[in-house]
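> Generate a structure from the sequence data that follows.
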Amino acid sequence: MPELPEVEAWVRELDPLVSAHPIERAGPAHVATLKTIDPSLSALEGQRLAGAQRRAKNLLFPTEDGELVLRVHLMSAGRIRYLKPGAKGPKRPMFRLRFAGGGELILTEGGKKKRAGVWLTTPEQLAADLAHLGPEALDIDAALLAEILGRERRQLHPLLRDQRALAGIGRAHANEILLRARLSPFKTSTELTPEETERLASAIHEDLERALELRLRGKGDKDVYLIHNRLGEPCPRCGNPIARVDFEEHTIYYCPECQTGGRLLKDRRLSRLLK
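Predicted structure coming up:
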(Lines give C-alpha, C1' and ligand atoms only; values in the text may rest on other atoms or scores of the structure.)
Protein backbone atom coordinates (compact mmCIF):
# COMPACT_ATOMS: atom_id res chain seq x y z
CA MET A 1 0.00 0.00 0.00
CA PRO A 2 1.36 3.46 -0.85
CA GLU A 3 2.36 5.15 2.39
CA LEU A 4 3.16 8.70 3.46
CA PRO A 5 6.40 9.19 1.47
CA GLU A 6 4.98 7.86 -1.79
CA VAL A 7 1.68 9.72 -1.45
CA GLU A 8 3.45 12.96 -0.51
CA ALA A 9 5.72 12.61 -3.54
CA TRP A 10 2.66 12.23 -5.78
CA VAL A 11 1.08 15.30 -4.19
CA ARG A 12 4.12 17.44 -4.90
CA GLU A 13 4.32 16.20 -8.48
CA LEU A 14 0.61 16.61 -9.18
CA ASP A 15 0.05 19.96 -7.45
CA PRO A 16 1.08 22.24 -10.36
CA LEU A 17 -0.26 19.88 -13.02
CA VAL A 18 -3.86 19.52 -11.86
CA SER A 19 -4.27 23.24 -11.21
CA ALA A 20 -3.04 24.40 -14.63
CA HIS A 21 -6.35 24.02 -16.52
CA PRO A 22 -10.06 23.71 -15.77
CA ILE A 23 -11.65 20.27 -15.75
CA GLU A 24 -13.28 19.43 -19.06
CA ARG A 25 -14.75 16.07 -18.11
CA ALA A 26 -14.99 14.24 -14.79
CA GLY A 27 -15.26 10.48 -15.09
CA PRO A 28 -16.22 7.92 -15.99
CA ALA A 29 -15.50 6.06 -12.75
CA HIS A 30 -15.77 2.35 -12.03
CA VAL A 31 -18.80 1.49 -9.93
CA ALA A 32 -16.54 -0.05 -7.26
CA THR A 33 -14.29 3.01 -7.14
CA LEU A 34 -16.70 5.93 -6.87
CA LYS A 35 -17.95 6.00 -3.27
CA THR A 36 -20.28 9.03 -3.47
CA ILE A 37 -23.16 10.02 -5.75
CA ASP A 38 -24.11 13.46 -4.41
CA PRO A 39 -22.72 15.78 -5.58
CA SER A 40 -22.34 14.23 -9.01
CA LEU A 41 -18.91 14.10 -10.64
CA SER A 42 -20.30 16.41 -13.31
CA ALA A 43 -20.20 19.19 -10.69
CA LEU A 44 -16.44 19.29 -11.28
CA GLU A 45 -16.74 20.06 -14.97
CA GLY A 46 -15.73 23.63 -15.72
CA GLN A 47 -14.12 23.94 -12.30
CA ARG A 48 -10.43 24.50 -11.64
CA LEU A 49 -8.62 22.56 -8.94
CA ALA A 50 -6.62 24.55 -6.38
CA GLY A 51 -3.88 21.91 -6.45
CA ALA A 52 -3.07 18.70 -4.61
CA GLN A 53 -2.88 18.08 -0.85
CA ARG A 54 -2.53 15.10 1.47
CA ARG A 55 -4.01 13.89 4.74
CA ALA A 56 -2.52 10.60 5.94
CA LYS A 57 -2.67 8.32 2.86
CA ASN A 58 -5.46 10.32 1.20
CA LEU A 59 -4.84 12.52 -1.83
CA LEU A 60 -7.01 15.63 -1.74
CA PHE A 61 -7.89 17.87 -4.68
CA PRO A 62 -9.94 20.92 -3.56
CA THR A 63 -11.67 23.09 -6.11
CA GLU A 64 -10.47 26.65 -6.49
CA ASP A 65 -13.77 28.05 -5.19
CA GLY A 66 -13.45 25.98 -2.00
CA GLU A 67 -16.85 24.33 -2.44
CA LEU A 68 -15.79 20.75 -3.23
CA VAL A 69 -12.94 18.34 -2.55
CA LEU A 70 -12.06 15.26 -4.57
CA ARG A 71 -10.58 12.62 -2.25
CA VAL A 72 -8.63 9.59 -3.51
CA HIS A 73 -7.43 6.64 -1.44
CA LEU A 74 -5.30 4.15 -3.36
CA MET A 75 -5.52 1.25 -0.88
CA SER A 76 -3.03 -1.54 -1.70
CA ALA A 77 -3.01 -1.71 -5.50
CA GLY A 78 -4.16 1.71 -6.72
CA ARG A 79 -1.88 4.06 -8.62
CA ILE A 80 -2.45 7.61 -9.79
CA ARG A 81 -0.66 9.52 -12.54
CA TYR A 82 -0.96 12.53 -14.78
CA LEU A 83 -0.87 11.96 -18.53
CA LYS A 84 0.42 14.85 -20.60
CA PRO A 85 -1.61 15.86 -23.67
CA GLY A 86 -1.35 13.15 -26.32
CA ALA A 87 0.23 10.58 -24.00
CA LYS A 88 -1.17 7.06 -24.20
CA GLY A 89 -2.91 5.64 -21.19
CA PRO A 90 -5.20 2.74 -20.33
CA LYS A 91 -8.47 2.64 -22.25
CA ARG A 92 -10.55 2.00 -19.14
CA PRO A 93 -8.97 3.38 -15.98
CA MET A 94 -10.84 3.13 -12.71
CA PHE A 95 -11.24 6.91 -12.69
CA ARG A 96 -10.37 9.77 -15.02
CA LEU A 97 -10.29 13.56 -14.98
CA ARG A 98 -9.74 15.23 -18.34
CA PHE A 99 -8.47 18.81 -18.32
CA ALA A 100 -9.07 21.53 -20.90
CA GLY A 101 -5.40 21.55 -21.84
CA GLY A 102 -5.59 17.90 -22.92
CA GLY A 103 -3.94 16.35 -19.87
CA GLU A 104 -5.58 13.62 -17.81
CA LEU A 105 -5.45 12.48 -14.21
CA ILE A 106 -6.09 8.73 -14.12
CA LEU A 107 -6.45 6.12 -11.41
CA THR A 108 -5.60 2.49 -12.14
CA GLU A 109 -5.76 -0.52 -9.85
CA GLY A 110 -4.18 -3.95 -10.22
CA GLY A 111 -5.58 -7.25 -8.99
CA LYS A 112 -9.10 -8.58 -8.75
CA LYS A 113 -10.06 -6.82 -5.52
CA LYS A 114 -11.05 -3.25 -6.35
CA ARG A 115 -10.56 -1.37 -3.09
CA ALA A 116 -9.28 2.04 -4.18
CA GLY A 117 -11.80 4.80 -3.60
CA VAL A 118 -12.81 8.19 -5.00
CA TRP A 119 -15.09 10.57 -3.10
CA LEU A 120 -16.46 13.95 -4.18
CA THR A 121 -17.52 15.81 -1.09
CA THR A 122 -17.66 19.15 0.69
CA PRO A 123 -14.88 20.42 2.97
CA GLU A 124 -17.19 20.00 5.97
CA GLN A 125 -18.01 16.40 5.13
CA LEU A 126 -14.35 15.68 4.41
CA ALA A 127 -13.40 16.96 7.87
CA ALA A 128 -15.99 14.65 9.41
CA ASP A 129 -14.87 11.67 7.30
CA LEU A 130 -11.23 12.10 8.31
CA ALA A 131 -11.80 13.15 11.92
CA HIS A 132 -10.76 9.71 13.16
CA LEU A 133 -7.19 10.12 11.88
CA GLY A 134 -4.36 10.67 14.30
CA PRO A 135 -1.59 13.28 13.94
CA GLU A 136 0.63 13.14 10.88
CA ALA A 137 3.60 10.89 11.55
CA LEU A 138 6.10 13.54 10.45
CA ASP A 139 4.59 16.09 12.84
CA ILE A 140 5.06 14.21 16.09
CA ASP A 141 7.83 14.66 18.62
CA ALA A 142 8.92 12.35 21.44
CA ALA A 143 6.50 13.93 23.93
CA LEU A 144 3.45 13.37 21.73
CA LEU A 145 4.66 9.90 20.81
CA ALA A 146 4.99 9.02 24.50
CA GLU A 147 1.38 10.10 25.02
CA ILE A 148 0.22 7.94 22.09
CA LEU A 149 2.21 4.93 23.28
CA GLY A 150 0.80 5.19 26.76
CA ARG A 151 -2.88 5.35 25.85
CA GLU A 152 -3.30 1.58 25.80
CA ARG A 153 -1.17 -1.55 25.93
CA ARG A 154 -0.42 -2.49 22.31
CA GLN A 155 2.31 -4.12 20.26
CA LEU A 156 4.42 -1.60 18.36
CA HIS A 157 3.94 -2.86 14.81
CA PRO A 158 0.12 -2.72 14.75
CA LEU A 159 0.19 0.53 16.70
CA LEU A 160 2.47 2.26 14.20
CA ARG A 161 0.24 1.35 11.28
CA ASP A 162 -3.00 2.28 13.06
CA GLN A 163 -4.15 5.46 11.30
CA ARG A 164 -6.16 6.48 14.37
CA ALA A 165 -2.96 6.63 16.38
CA LEU A 166 -0.50 7.91 13.77
CA ALA A 167 -1.40 8.93 10.23
CA GLY A 168 0.63 7.87 7.22
CA ILE A 169 2.59 4.79 8.28
CA GLY A 170 1.73 1.36 6.89
CA ARG A 171 3.18 -2.14 7.05
CA ALA A 172 6.33 -1.47 5.06
CA HIS A 173 7.49 1.62 6.93
CA ALA A 174 6.54 0.10 10.27
CA ASN A 175 9.13 -2.58 9.45
CA GLU A 176 11.70 0.02 8.43
CA ILE A 177 11.12 2.26 11.44
CA LEU A 178 11.35 -0.52 14.01
CA LEU A 179 14.62 -1.78 12.53
CA ARG A 180 16.05 1.74 12.67
CA ALA A 181 14.82 2.08 16.29
CA ARG A 182 16.20 -1.38 17.19
CA LEU A 183 12.85 -2.41 18.71
CA SER A 184 10.92 -5.66 18.45
CA PRO A 185 7.68 -5.40 16.44
CA PHE A 186 6.00 -7.26 19.30
CA LYS A 187 7.32 -5.00 22.08
CA THR A 188 4.51 -3.50 24.13
CA SER A 189 3.98 0.24 23.78
CA THR A 190 3.53 0.87 27.50
CA GLU A 191 6.87 -0.78 28.30
CA LEU A 192 9.11 1.57 26.34
CA THR A 193 11.66 3.52 28.32
CA PRO A 194 12.07 7.28 27.69
CA GLU A 195 15.27 6.49 25.76
CA GLU A 196 13.46 3.95 23.57
CA THR A 197 10.65 6.43 22.95
CA GLU A 198 13.17 9.07 21.83
CA ARG A 199 14.79 6.48 19.58
CA LEU A 200 11.45 5.54 18.04
CA ALA A 201 10.47 9.17 17.43
CA SER A 202 13.80 9.82 15.72
CA ALA A 203 13.45 6.64 13.66
CA ILE A 204 10.01 7.71 12.41
CA HIS A 205 11.35 11.04 11.16
CA GLU A 206 14.60 9.65 9.75
CA ASP A 207 12.94 6.81 7.85
CA LEU A 208 10.05 8.83 6.41
CA GLU A 209 12.26 11.77 5.41
CA ARG A 210 14.77 9.46 3.75
CA ALA A 211 11.99 7.64 1.90
CA LEU A 212 10.35 10.88 0.77
CA GLU A 213 13.63 12.19 -0.63
CA LEU A 214 14.08 8.97 -2.61
CA ARG A 215 10.47 8.97 -3.86
CA LEU A 216 10.87 12.57 -5.03
CA ARG A 217 13.87 11.40 -7.04
CA GLY A 218 11.73 8.73 -8.67
CA LYS A 219 13.21 5.78 -6.78
CA GLY A 220 11.21 2.60 -6.31
CA ASP A 221 10.71 0.08 -3.53
CA LYS A 222 14.07 -1.59 -4.16
CA ASP A 223 15.90 1.59 -3.15
CA VAL A 224 13.47 2.79 -0.50
CA TYR A 225 13.04 -0.37 1.59
CA LEU A 226 16.05 -1.71 3.48
CA ILE A 227 14.28 -4.59 5.25
CA HIS A 228 10.71 -4.86 3.90
CA ASN A 229 10.31 -7.78 1.47
CA ARG A 230 13.96 -8.77 1.97
CA LEU A 231 13.64 -12.16 3.65
CA GLY A 232 17.01 -13.87 4.08
CA GLU A 233 19.01 -10.89 2.85
CA PRO A 234 21.66 -9.40 5.15
CA CYS A 235 20.47 -6.80 7.62
CA PRO A 236 21.86 -3.38 6.62
CA ARG A 237 22.88 -2.79 10.24
CA CYS A 238 24.50 -6.08 11.34
CA GLY A 239 24.64 -8.35 8.28
CA ASN A 240 22.56 -11.17 9.77
CA PRO A 241 19.67 -12.61 7.72
CA ILE A 242 16.35 -10.80 7.76
CA ALA A 243 13.48 -12.88 9.18
CA ARG A 244 9.73 -12.53 8.93
CA VAL A 245 6.43 -13.37 10.61
CA ASP A 246 3.50 -14.31 8.36
CA PHE A 247 -0.09 -13.41 9.10
CA GLU A 248 -3.19 -13.84 6.97
CA GLU A 249 -3.32 -10.19 5.94
CA HIS A 250 0.28 -9.02 6.23
CA THR A 251 3.90 -9.94 6.90
CA ILE A 252 6.34 -8.45 9.39
CA TYR A 253 10.04 -8.27 8.49
CA TYR A 254 12.65 -7.83 11.22
CA CYS A 255 16.25 -8.53 12.21
CA PRO A 256 16.52 -10.97 15.14
CA GLU A 257 20.00 -9.74 16.00
CA CYS A 258 19.15 -6.02 16.06
CA GLN A 259 15.58 -6.12 17.33
CA THR A 260 14.85 -9.21 19.44
CA GLY A 261 18.12 -10.17 21.08
CA GLY A 262 18.63 -13.05 18.65
CA ARG A 263 15.20 -14.59 19.29
CA LEU A 264 13.01 -15.63 16.37
CA LEU A 265 9.41 -14.48 16.45
CA LYS A 266 6.70 -17.03 15.78
CA ASP A 267 3.25 -16.39 14.35
CA ARG A 268 0.69 -18.24 16.46
CA ARG A 269 -2.09 -15.98 15.19
CA LEU A 270 -1.84 -14.36 18.61
CA SER A 271 1.45 -12.60 17.80
CA ARG A 272 3.38 -14.07 20.72
CA LEU A 273 7.12 -14.42 21.12
CA LEU A 274 8.49 -17.90 20.67
CA LYS A 275 9.78 -18.87 24.08
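
> Pull out the buried residues from stretch 195-202.
196-202 (16 or more other C-beta atoms under 10 Å). Every C-beta, even on glycine, is put in place using the N, C-alpha and C of the backbone.

> Select from those every entry located in strands.
Assigned to strands by DSSP state E, none of those qualify.

> and of these, the nearest to A167?
The closest of these to A167 turns out to be A201 (C-beta to C-beta; 15.2 Å).

> In this model L145 seems to touch that closest one, though I could be wrong.
Yes. Using C-beta atoms under 8 Å, A201 is in contact with L145, at 4.7 Å.

> where do the helices sit along the protein?
4-18, 123-129, 142-149, 156-160, 171-181, 194-216, 221-224, 256-259 (DSSP state H).

> So for R237, which of those helices sits nearest?
Evaluated over these, closeness to R237 peaks at helix 256-259, with 5.1 Å, by C-beta to C-beta.

> now the closest one: mean pLDDT?
Averaged over helix 256-259, pLDDT sits at 97.

> Could you do stretch 183-190 as well?
Averaging pLDDT along stretch 183-190 gives 98.

> nearest residue to A100 other than its sequence neighbours?
H21 (4.4 Å; C-beta to C-beta, 6 or more residues apart in numbering).

> contacting residues around the one you found?
By C-beta atoms under 8 Å, 6 or more residues apart in numbering, the residues touching H21 are 48, 99-101, 103.

> again, but for R161
Applying C-beta under 8 Å, 6+ apart, we find R161 in contact with 169-171, 174.

> Among those, which one is most surrounded by other residues?
I169 (28 neighbours; other C-beta atoms under 10 Å).

> ok now do R210, which residues does it touch?
Listed by C-beta under 8 Å, 6+ apart, the contact set of R210 is empty.

> out of the helices of the chain, which comes closest to A87?
Nearest of the helices of the chain to A87, taken as C-beta to C-beta: helix 4-18 at 12.1 Å.

> Name the residues of the closest one that come out as buried.
4-11, 13-15, 17-18.

> Of those residues, which is the nearest to P62?
The closest of those to P62 turns out to be V18 (C-beta to C-beta; 10.4 Å).

> Looking at the closest one now. What's its pLDDT?
98.

> I figured it was touching R48, is that so?
No. The pair V18 / R48 is not scored as a contact, 9.1 Å apart, by C-beta under 8 Å.

> quick one on the thing from earlier: any chance of JSON lines for the buried residues of helix 4-18, columns distance to E233?
Output for the buried residues of helix 4-18, formatted as JSON lines (distance: C-beta to C-beta, whole Å):
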{"residue": "L4", "distance to E233": "24"}
{"residue": "P5", "distance to E233": "21"}
{"residue": "E6", "distance to E233": "22"}
{"residue": "V7", "distance to E233": "26"}
{"residue": "E8", "distance to E233": "27"}
{"residue": "A9", "distance to E233": "25"}
{"residue": "W10", "distance to E233": "28"}
{"residue": "V11", "distance to E233": "31"}
{"residue": "E13", "distance to E233": "30"}
{"residue": "L14", "distance to E233": "33"}
{"residue": "D15", "distance to E233": "36"}
{"residue": "L17", "distance to E233": "37"}
{"residue": "V18", "distance to E233": "39"}
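
> out of those, who's nearest P158?
For the buried residues of helix 4-18, the residue nearest P158 by C-beta to C-beta is L4; the value is 17.1 Å.

> which residue packs closest to the closest one, ignoring adjacent ones?
G168 (3.2 Å).

> how far away is that neighbour from K88?
Applying C-beta to C-beta, to the nearest Å, the value for G168 to K88 is 33 Å.

> what about these two, which has more around it?
A count of neighbours by other C-beta under 10 Å puts G168 above the other of G168 and K88, at 26 against 6.

> tell me the contacts of that one?
Residues near G168 by C-beta under 8 Å, 6+ apart: 3-4, 7, 56-57, 136-138, 208.

> possible to save the residues you listed as TSV with pLDDT and distance to G262?
Formatted as TSV, the contacts of G168 follow (pLDDT from 0 to 100; distance: C-beta to C-beta, whole Å):
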residue	pLDDT	distance to G262
E3	96	29
L4	97	31
V7	97	36
A56	97	36
K57	97	35
E136	98	35
A137	98	29
L138	97	32
L208	98	28
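
> Reformat these as JSON lines; add distance to R151.
Formatted as JSON lines, these follow (distance: C-beta to C-beta, whole Å):
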{"residue": "E3", "distance to R151": "22"}
{"residue": "L4", "distance to R151": "21"}
{"residue": "V7", "distance to R151": "26"}
{"residue": "A56", "distance to R151": "18"}
{"residue": "K57", "distance to R151": "22"}
{"residue": "E136", "distance to R151": "17"}
{"residue": "A137", "distance to R151": "16"}
{"residue": "L138", "distance to R151": "20"}
{"residue": "L208", "distance to R151": "22"}
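
> Perfect, I'm done here.
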